[in-house]
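Visitor: Coordinates only, no sequence provided:
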C-alpha cells in the first residue's frame, strides 16, 4: 500500500500544470488572443471575431466598437482546462461554456474553440458591446440580444453573411416546456439567480430570452421592431420598464407572451437577415502575428484572470510564480501589486507601482494603478479622520490626470480622479466635467453616473444629484448599484447634517455664531463589499469612518473643555469626549432632531448611534454621532 501511495504521489507531482502547456499569443487587427489551444484554433477564434466585428460595423455604423479598456481573449484548449478559471457559483465553477469578465482596467473573454459553435465566442463579444454602448437593460434582453446576434454566419462568398438562425436547442426547449417564464419574473432574474446559473433552469431562461428578442426584431413581419426600439430607447434613458412597455407596445404583458408562444409553436421556417456588402468582410489571416509566450507570461494571464474573477487566493500563487519565472515582467508585477492593495499590504504594493511608474512613465495604466494604490492606502490609513493631507491628494491627482492625458478613452482614470476629489472636497467642478466626458465615452457605465450624482450632492446641488440617482434606481442593471441609489435618495430626503453643530454648541457656551442646516454631501468613497471585478466601484453610501459602535440614549451634552457626550446603553452609561468638537461628524435620520442642539442634560434622552475610537488612556473619542429614530 505504501508503494502504491508513493507511485500515486509521483504521478501527481509529474502532472504538468496548465500554465506549463505551450501558450501562444496571436494579435489580429482588433483583438489580442492568448491561450493553450492550437495555433489554428486560436486563429479561427480571432478570425470569427474580426468577421463579426466588421459585420456589426456595417449593420450599426453608429455603434462604437473601440473599447475604453483593452480586450484580451483567452482561448483554452478544452472545457477541462477552462474549468479551474471559471466564475464560481455557490463555491463551485459555473457550468458556463464561455464567459465575458468586464473590468475597469481590462476586459477578458474566456472561451474554448468548440468546433461548429463560434456563437459562444460571439455571444460574449455582444455582451462586451452592450456594456460599452448601452447599459441599463434587463438581463433577459441582453442575453436575448447576445443569443440572437451570435448566430452570425458567413455566406458562401466573402461579402455575404446572415444573422437570425434559430438555435436548435432553444427551439427544442421551448417546444418541450409548456409554461413560459412570465415577463415580470424575467425582469427579476439577475446574474446570481438560479435561472441564470443552474443547469436545470438556465436552458429555459436563455431560450425564452432568445425567443422574445428574435420575435421583436425579426418576427411579426417587422411590426414589433419599431416598438422594441422605442422600448430600448426609453429604458436607456432611465424610464421604468412597466411604463415604457405599455407606451411602446400598446398592450399588456400577457398579450405579448401569447404572441411569442404562438410564434414559436407555429414556426417551421425562421426569418433571418441576409446581408451582402460591397466589400469583402473576411480578413487576411496572414495579417495575424503569432508569438510563443513564456511560462511566466502564461502564469500571468491565468493569475490576472482569477484576480478579475475576485478569486485572490487562487490568483496569488499564479502571480508569484509568474514573477519567479519572469522577474522583469511588468504586467505580472502590476497585477501582483493590485492583489497586495486588496490585501492591504500597501507598502509592498506601492513599492512595486512606484518603481513601475518611474521606469515606464508614459504607460497610462501604470500611472493609473499608482494613483489607485495611493488612494486605497490613504482611504484605509485615514479612515478615522475627516481629511487627508493635501499633498497626498495632489500626488494622486497628478498620476490620475497623466493617465487621462495618455489614454483619453480610459474612463476609469476619470472615475478615479472624481473619487479623489470627493475625498478631498476639492476641484469638484473638474470632476463634473471629467465624469460627463467619461459618460459620453461609455454611456453604459452606470457606476460613472453614480459618481456624478455624488459629485452633485457634494456641491450641494441636491436636485441634480437626486435626478441622476433616480435614473440609476430605475434603470441600472446592477442590483447593488440600484440599492445604493435608493439608499442615497432616502438619505438626501431625510438627513439633516449639522455641518456647523459645534458652532451652535459654542454659541450656547457664550460664542455668537450662526448655525447652518443643509443637505449633506455624500461621504468620501471607501472600500465596498466584494465585487466581481478587481478594481472595486468605490462609491459607498455611509460615513467613511471605521471604529467601534455604541447605541443608546444621549442624556447629557457637556460643552466645557471640548465636548463630552454621555450615553446610556444597555451595558451601562458611557462617556465620549473630544477636545476638538469640529472634527465630529453629526448626522440626523429623524425629524425630531433637525436644528441646533443645546448643551446640558436631556430628559428624555435622544436615541443615538456613536462611532468612536478607544484611546490609550481609556477614554473614547467620538467620530460620528448619528441621531436615529426611537424604537
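Guide: Ah, there it is. Owing to the predicted nature of the structure, the values given are computational and were not obtained by experimental measurement.

Visitor: ends of stretch 472-486, how far apart?
Guide: 9 Å (CA to CA, to the nearest Å).

Visitor: Can you give me the buried ones in it?
Guide: Neighbour counts over stretch 472-486 (16 or more other CB atoms under 10 Å) mark 472-478, 481-482, 484-485 as buried. C-beta: built from backbone N, CA, C; applies to glycine.

Visitor: mind listing which of those residues are in strands?
Guide: Among those, no residue falls in strands (DSSP state E).

Visitor: Turn those into CSV, including pLDDT.
Guide: Output for the buried residues of stretch 472-486, formatted as CSV (pLDDT from 0 to 100):
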residue, pLDDT
472, 88
473, 87
474, 79
475, 75
476, 77
477, 68
478, 75
481, 87
482, 86
484, 89
485, 91
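
Visitor: Which ones among those residues lie within helices?
Guide: Members of the buried residues of stretch 472-486 lying in helices (criterion: DSSP state H): 472-475, 481-482, 484-485.

Visitor: buried sites along stretch 333-345?
Guide: 333-342.

Visitor: quick check, nearest of these to residue 407?
Guide: residue 334 (14.8 Å; CB to CB).

Visitor: My read is that that closest one contacts residue 369, right?
Guide: Yes - between residue 334 and residue 369 there is a contact under CB atoms under 8 Å: 5.7 Å.

Visitor: got any residues that touch both of the two?
Guide: 353, 356 (CB atoms under 8 Å, 6 or more residues apart in numbering).

Visitor: can you map out the helices along the stretch 101-250 of the chain?
Guide: In the stretch 101-250 of the chain, the helices defined using DSSP state H, counting those that start in this stretch lie at 119-133, 139-149, 168-176, 183-188, 194-197, 199-218, 225-236, 241-249.

Visitor: angle of the second one against helix 119-133?
Guide: Comparing the axes of helix 139-149 and helix 119-133 via axes from the mean of the first three to the mean of the last three CA atoms, to 10 degrees yields an angle of 130 degrees.

Visitor: Give me the helices and strands touching helix 139-149, please.
Guide: helix 119-133, helix 199-218 (3 or more CB pairs under 8 Å, 6 or more residues apart in numbering; DSSP states H and E).

Visitor: Show me what the shortest one is packed against.
Guide: Applying 3+ CB pairs under 8 Å, 6+ apart, one finds that helix 119-133 contacts helix 39-59, strand 99-101, strand 107-111, helix 139-149.

Visitor: got the buried residues for stretch 154-167?
Guide: By neighbour count with 16+ other CB under 10 Å, stretch 154-167 contains the buried residues 154, 161, 163-164, 166-167.

Visitor: for it, what is the average pLDDT?
Guide: Mean pLDDT, stretch 154-167: 83.

Visitor: which residues are contacting that stretch?
Guide: Contacts of stretch 154-167 (CB under 8 Å, 6+ apart): 51, 55, 59, 119, 147-149, 151-153, 210, 214, 217-218, 267, 270-282.

Visitor: now those residues: which count as buried?
Guide: Taking 16+ other CB under 10 Å as the criterion, what is buried in these is 51, 55, 119, 147-149, 151-153, 210, 214, 217-218, 267, 270, 281.

Visitor: Give me the distance from the helix or strand hosting residue 489 to the chain's centre.
Guide: Using DSSP states H and E, residue 489 maps to helix 479-494. On the basis of CA atoms, centre = their mean, to the nearest Å, helix 479-494 is displaced by 17 Å from the centre of the chain it belongs to.

Visitor: In terms of secondary structure, what does it contact?
Guide: Counting by 3+ CB pairs under 8 Å, 6+ apart, the packing neighbours recorded for helix 479-494 are helix 446-458, helix 462-475.

Visitor: contacting residues around the nearest residue to residue 437 once chain neighbours are set aside?
Guide: Among residues not flanking residue 437 along the chain, residue 414 sits closest, at 6.5 Å (CB to CB, 6 or more residues apart in numbering). Each residue near residue 414 by CB under 8 Å, 6+ apart is listed here: 404, 434-435, 437-438, 448.

Visitor: which stretch of helix or strand covers residue 414?
Guide: Here residue 414 sits within helix 411-424, counting by DSSP H and E.

Visitor: Repeat that for residue 320.
Guide: In this structure, residue 320 sits in helix 312-325 according to DSSP H and E.

Visitor: Would you indicate which residues of that helix are buried?
Guide: 312, 314-316, 318-319, 321-323, 325.

Visitor: Rebuild the residues you listed as TSV, extending it with pLDDT.
Guide: Output for the buried residues of helix 312-325, formatted as TSV (pLDDT from 0 to 100):
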residue	pLDDT
312	93
314	95
315	96
316	96
318	96
319	95
321	96
322	95
323	92
325	94
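
Visitor: can I get those residues in a markdown table with distance to residue 222?
Guide: Shown next, in a markdown table, are the buried residues of helix 312-325 (distance: CB to CB, whole Å):
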| residue | distance to residue 222 |
| --- | --- |
| 312 | 49 |
| 314 | 49 |
| 315 | 48 |
| 316 | 54 |
| 318 | 50 |
| 319 | 52 |
| 321 | 55 |
| 322 | 53 |
| 323 | 57 |
| 325 | 57 |
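
Visitor: For residue 28, state which of those residues is nearest.
Guide: residue 322 (24.6 Å).

Visitor: Surely that closest one and residue 293 touch.
Guide: No - between residue 322 and residue 293 there is no contact under CB under 8 Å: 10.8 Å.

Visitor: ok so, going back, how close does the residue nearest to residue 437 get to residue 379?
Guide: Relative to residue 379, residue 414 is positioned 18 Å away (CB to CB, to the nearest Å).

Visitor: now residue 329
Guide: Taking CB to CB, one finds residue 329 at 29 Å from residue 379.

Visitor: just residue 577 next, same as before
Guide: Residue 577 sits 27 Å away from residue 379, going by CB to CB.

Visitor: Could you confirm residue 602 falls within a strand?
Guide: Yes - assessed with DSSP: H, G, I helix; E, B strand; the rest coil, residue 602 lies in a strand.

Visitor: Count the neighbours of it for me.
Guide: Counted with other CB atoms under 10 Å, residues neighbouring residue 602 total 15.
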